[in-house]
Every structure is written in structure tokens, then in C-alpha cells.
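Q: Predicted structure and sequence below. I'll ask about it afterward.
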Amino acid sequence: MKISRREFVRLMGLAGAAGVLPGSAFSAMKRPGDLYEIPQFGNVCLMHITDCHAQLNPIYFREPNVNLGVGDALGKAPHLVGELLLKHFHIEPDSIAAHAFSYLNFDQAAQQYGRVGGFSHLASLVKRLRAERGDGNSLLIDGGDTWQGSGTAYWTRGKDMVGACNLLGVDVMTGHWEFTYLDKEIIENIGEFQGDFVAQNIGVNEVAMFDYKFADFEGFNEDEGLAFKPYTIKQVGGVRVAVIGQAFPYTPIANPQRFIPDWTFGIQDERMQKMVDRVRANEAPDLVVVLSHNGMDVDLKLASRVSGIDVIFGGHTHDGMPAPSVVRNKGGETLVTNAGSNGKFLAVMDLDVRGGKLQDFRYRLVPVFSNMLPADAEMQAYIEQVRAPYKEKLEEKLAVAEETLYRRGNFNGTFDQVICDALRSVNDAQIALSPGFRWGTTVLPGQTITMDNVMDQTCITYPETYRREMKGSDIKAILEDVSDNLFNVDPYFQQGGDMVRVGGLDYVCEPNQSIGNRISNMTLDDGTPIEADKNYVVAGWATVGSQSPGRPIWEVVADYLRDRKQIKIEKLNTPKLVGVEGNPGIAG
């Protein structure tokens, strides 16, 4: 079905700008091979990856069955799961696209279609599309969270991924977890990256500016107080494309500021408006793109407040959206996309840009199935080379999964429960707390859990564990704070992660309440009520403030798995939810 941009916008308005693409590209697919038959259109092709989390090899990844929307986000993309998501985007049930975009029948479909992602298979797809579009007619952009998430990324301090991105041909990127290495390592990695690193919302604080240690760095702008280039101009298909970077705004809050003491972050939408206006006035671009790591809800609000942006290619919240949302603002409308995670998808937007304006577009979020795409020989050789020094350690067999072990979902995942159970068992604790990270791959029933899998779930640069006493009131305060980050009705107060995972603890959660009123009825596993003034032994990891004293989390989890041999979840500590009946962001 051919649909013009004008008609697309009209229909999107009727649908509440929720992201429905009438006559979805996926509804016409009759066979798996149709995934990679992407007709050429227009004169500019923008390809987008985001949140790869250092997954060089193909993996399994289960999409969430809980992605709640609150306030104005209720019932709108990206807060749709399961059958309602398929219906919204006109995706045929029990199809390969249904498997790619939903959790439905995951185990069976994963066995049928195989693993997803892998940089060698992604490289083949990128090369194919570039060849089909013609030399100089495409641009590959990376939304960040690329240099973290695997053992090799940790041990090489992200350099394995810099090399992989250079081979892949990434033209422009921004970041988030890239900023969890030491600042000098970040600057060195950006220097080795062959594309442009852009971020309009990262400044140098006033104290550091007096004697800034990276004053010679190419991207530093002393006059504007910016640590990195805010934008870049690229010639694509005879068109001037401006790409403005938007790094994760809450980096010093969600991750240790001690690694990056000189830099300031923030959403900075006023600066973004001034940047867009300046770029349009001084650079005369035909197309203005924002490469964002805000998270999709934040991007939707940003698009409503900042005019002059044609497309926002977003990341951070790992939402694989089959069609863009259209947001109206005082200057017109902006397309907002989000391209999933873990190398599972390649977003392809073909645009017709004429007369200095975007006239029309076609969009497809393409799943990367490793069984259906050949491995690029050069990239595969590189992957084997960078993994070789760690191969024996990564391939250590620790235990066998007796059920699907996954992470993604607002409240808990089975692999998160394994981490919590390990913390409690190894540290002799009553309660475990584990961060609600959205990265982490999936292990199928009957598969061996390797050290590689454990590193995929735990590999950060502040992995130290702790065991300490906490009052019941302090535990509740933690749960309240994190739930407000997740369920605040104002997207600008959301940080984009999921709820802190708990072990040995049950509670009631009311997402639609205000902070301080969402969490109640906290009990231990045996039903004993948590008392506000009583102390409890709590084990956890990934402290953002001062460094914890314990062993790295992966050592704790590996010990637990070696001891157990067979892993089946005895109890999944998920809260009882109140007030979410009928919410299309929860199923199963």
C-alpha cells in the first residue's frame, strides 16, 4: 500500500498520533524472506541502530509482556504489548514479524526462527542496503549504548565496539553507557571512532572550565561550554542532512558521576530549539534529524515542544516500534522512532527530500535474523579476533536453564530473579535489590548458561556487591523513588529504566498513584510484614554513589550457578499491581 506523508499524518491524527501505520509493511509479508525486500524510495536512506549493548554475536531476546503507560501515554506506543501491539501495527499473529516485535509464543518461535542480531549479519544487511541505494545515498547512525554490555566490552574498555562500529561504517553516534568508562577512556574511544560523535546537551561545568583537561579535544567548544560537537552536516543523495546529538540526559544520576566529574547533562530542550534554529539559519539543511538517547516518552514530549525537527531517531528505552509516531508542534510535525535493542533491529527510513523539505517517506524496522542473513566475512573475522583472548573464560559452562531466562519487563524477569537469588544465597541476606536495567540477553530452556550469558546480564564498570542492614522505611523509599522514575506522568521526570528487581520481598504497587503512595504491603517471602523501623539484611550491587566493598556481581552469580547446576525459578518476586486493569501495556 502506498501512502503519502500528508495522508500518513492525517490518519495518524485520527488515531491520536499513536504510531499506527495503516497497511503496515509487515501485514503484506507472506514469507520470511520478504523481511529483506525493502523497495527503494526517494533520494535519502537513513539507517539507525541503537542500544546494541556490545552484542557482537547473535543472541536471543524476548520482548516484554509488561510496558505500562500512565497519564497521556496510556494506550499509546510504545506502551503496548502482545496481541494489542500486533493489532495496533497490523502485524499478522504467529508470523515472523509477530515473533520479532512481541513476547508471544517466544520459546517456540525462537526455536523456529533462531537467533537475532550479530554484527556480522547486521553488516551484511547494511552493505546490501547501501549497495541497493547507491553510493553516497545512505547514512548509518547509532543512538548509543553500544560500547557496554558484554565481557569483551568491559575488558577492552569499549574498544572492541569502537572497532566493530568502524567496520560497520557508522557515520554518526551519540551516547549513554559510553559515559560509564573513565572520562579519559571516553575521549580516547571517541578519538578512535571514525564517525562523528555528537551531543548538544553535554556541557563542561564552570569549575572544570578554568583548567579543562580535554581542552585540546576536537569536539570541545569553549565559547559555548560544550564538551562535544552538537551536530554534524552530511551530504546524502545530494541533500544536506543535519544530525543533532542528544545524549542520555540523566547520566550523572543514573550512573556514577565520579567517572565524568567535569560534564553536565540534561534534556536541554530550550538549547535544542536554539540549536535547531541556528542550524537551519546558518547551515541551510534540507533535513534536520535528532539522534537521541532520551527514551521514547521523552522524545515524544520534546517533539511537541521543539519545532523544526523532521525526524527523531530515538533510543534508551529499547522499544522496537514498527512505525513512527507523528507529533504536531507549532512548526509542523516531527516523526519519532525507536529501534529496539541488542542489535536485533535495523531501522530503515527512505525519504524523498526535494526543494529543501521532506516530502514523503517510507519506514521499516527490520529484524536481523542471523539464520536469514549471511555473516560478513570481514566482520566475523574481527569478532573472532577480539573475543579470542577471552574465549575460554566466556564459554565456561555454569548451569542449565530449565525455563526461559529473560530480563526485559517493567517489574522483574527470570534472569533478574536468578541474580537476586544469587545475591541472597551467597551473601546470606533476607532481601536482594538489583537494578532495573533493560539490557541483557535471553537463554532458552535446555540451554547451557555460560559465563558469556552472565556477563551479558551484569557487565558494568561499577559491578561491586554489598551486604548491609537497611530499615524497612529505607527499602520502601528506594522502591518509591525508582517507581516514580518509571511512572511519573511527566516524561521529563522519567529516567527510562525498569523497576528495581527484588528477591525475598513482595509488595503491592499502584503505578497511577503519586510518589510516596505507590508502594504498600511489603512482606518477606514467608509473608512476614516489613516493619518501617526494623533492620533487614539486604544484598545488592551497582551503587551509583560511593564504591561498594564486595566482589563483582558476575563472580557472585557464577558461584551460585556452578553450585546449582540446574536453574528453575522457585518464586518470581513480582508485585501485585493495583489500578492497571485494562491497561494495554500489560499481558500474560
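A: Ah, there it is. Numbers count the residues shown, from 1 in each chain.
Q: Show me the domain layout of this protein.
A: Annotated domains of the chain cover 5-383, 396-577 [automatic domain parsing].
Q: Quick one: mean pLDDT for the shortest one?
A: What domain 396-577 shows for mean pLDDT is 96.
Q: Check the longest one too.
A: Per-residue pLDDT values over domain 5-383 give a mean of 93.
Q: Would you pull up how far it lies from the middle of the chain?
A: How far domain 5-383 lies from its chain's middle: 9 Å, per Cα atoms, centre = their mean, to the nearest Å.
Q: oh, and call the first residue 187 from now on, that's how I've got it
A: Right, with 187 as the first residue, what we last looked at is domain 191-569.
Q: which parts of stretch 350-362 are buried?
A: Buried residues in stretch 350-362, counted by 16 or more other Cβ atoms under 10 Å: 350-351, 353-362. Every C-beta, even on glycine, is put in place using the N, C-alpha and C of the backbone.
Q: Kindly reformat these as CSV containing distance to residue 628 and secondary structure.
A: Output for the buried residues of stretch 350-362, formatted as CSV (distance: Cβ to Cβ, whole Å; DSSP: H, G, I helix; E, B strand; the rest coil):
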residue, distance to residue 628, secondary structure
350, 21, helix
351, 24, helix
353, 26, helix
354, 23, helix
355, 28, coil
356, 25, coil
357, 30, coil
358, 30, strand
359, 26, strand
360, 27, coil
361, 25, coil
362, 22, coil
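Q: can you confirm residue 264 is in a strand?
A: No. Under DSSP: H, G, I helix; E, B strand; the rest coil, residue 264 sits outside any strand and is assigned coil.
Q: Would you mind confirming that it is in contact with residue 503?
A: Yes. Under the criterion of Cβ atoms under 8 Å, residue 264 makes contact with residue 503 at 6.8 Å.
Q: list residues touching both of these two?
A: Counting by Cβ atoms under 8 Å, 6 or more residues apart in numbering, the shared contacts of residue 264 and residue 503 are 482-483, 524.
Q: Now go through the residues you listed and say which are in strands.
A: residue 524 (DSSP state E).
Q: and the shared contacts of residue 264 and residue 503, which are buried?
A: In the shared contacts of residue 264 and residue 503, burial by neighbour count holds for 482-483, 524, counting by 16+ other Cβ under 10 Å.
Q: Just send the domains of the chain back as a markdown table, with distance to residue 770 too.
A: Formatted as a markdown table, the domains of the chain follow (distance: least, Cβ to Cβ, whole Å):
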| stretch | distance to residue 770 |
| --- | --- |
| domain 191-569 | 4 |
| domain 582-763 | 13 |
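Q: Nearest to residue 772, out of those?
A: Taking Cβ to Cβ, domain 191-569 is the member of the domains of the chain nearest to residue 772, at 5.0 Å.
Q: quick one: which helix or strand includes the nearest residue in space to residue 748 that is not next to it in sequence?
A: With sequence-adjacent residues excluded and distances taken as Cβ to Cβ, 6 or more residues apart in numbering, residue 748 is closest to residue 584, at 5.5 Å. Assigned by DSSP states H and E, residue 584 belongs to strand 583-587.
Q: before we move on, back to that, might one say that the residue nearest to residue 748 is in contact with residue 641?
A: No. In this structure residue 584 lies outside contact range of residue 641 using Cβ under 8 Å: 11.2 Å.
Q: okay, those two: which has more neighbours?
A: Neighbours were counted for residue 584 and for residue 641 using other Cβ atoms under 10 Å; residue 641 has more, 25 against 21.
Q: tell me what the helix or strand where that one lies is packed against?
A: Assigned by DSSP H and E, residue 641 belongs to helix 637-644. For helix 637-644, the packing partners by 3 or more Cβ pairs under 8 Å, 6 or more residues apart in numbering; DSSP states H and E come out as helix 337-342, helix 577-580, helix 600-613, helix 739-750.
Q: ok, 7 Å please
A: helix 577-580, helix 600-613, helix 739-750 (3 or more Cβ pairs under 7 Å, 6 or more residues apart in numbering; DSSP states H and E).
Q: Single out the most deeply packed of the ones you listed.
A: Of all these, helix 600-613 carries the top mean neighbour count, a mean of 24, counting by mean count of other Cβ atoms under 10 Å.
Q: Need the contact partners of that helix.
A: 589-593, 615, 618, 620, 626, 643-644, 651, 653, 687-690, 725-726, 742-743, 745-746, 753, 755, 758-759 (Cβ atoms under 7 Å, 6 or more residues apart in numbering).
Q: which of those are buried?
A: By neighbour count, with 16+ other Cβ under 10 Å, the contacts of helix 600-613 hold 590-593, 615, 618, 620, 626, 643-644, 651, 653, 687-690, 725-726, 742-743, 746, 753, 755, 759 as buried.
Q: Quick one: end-to-end length of stretch 413-433, please.
A: By Cα to Cα, to the nearest Å, the extent of stretch 413-433 from end to end equals 12 Å.
Q: who touches the residue lying closest to residue 470 once chain neighbours are set aside in this structure?
A: Once flanking residues are discounted, residue 470 sits nearest to residue 426: 6.6 Å by Cβ to Cβ, 6+ apart. Counting by Cβ under 7 Å, 6+ apart, residue 426 makes contact with 419, 470-472.
Q: Kindly reformat the buried ones among the shared contacts of residue 264 and residue 503 as JSON lines containing distance to residue 607.
A: Shown next, in JSON lines, are these (distance: Cβ to Cβ, whole Å):
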{"residue": "482", "distance to residue 607": "32"}
{"residue": "483", "distance to residue 607": "32"}
{"residue": "524", "distance to residue 607": "32"}
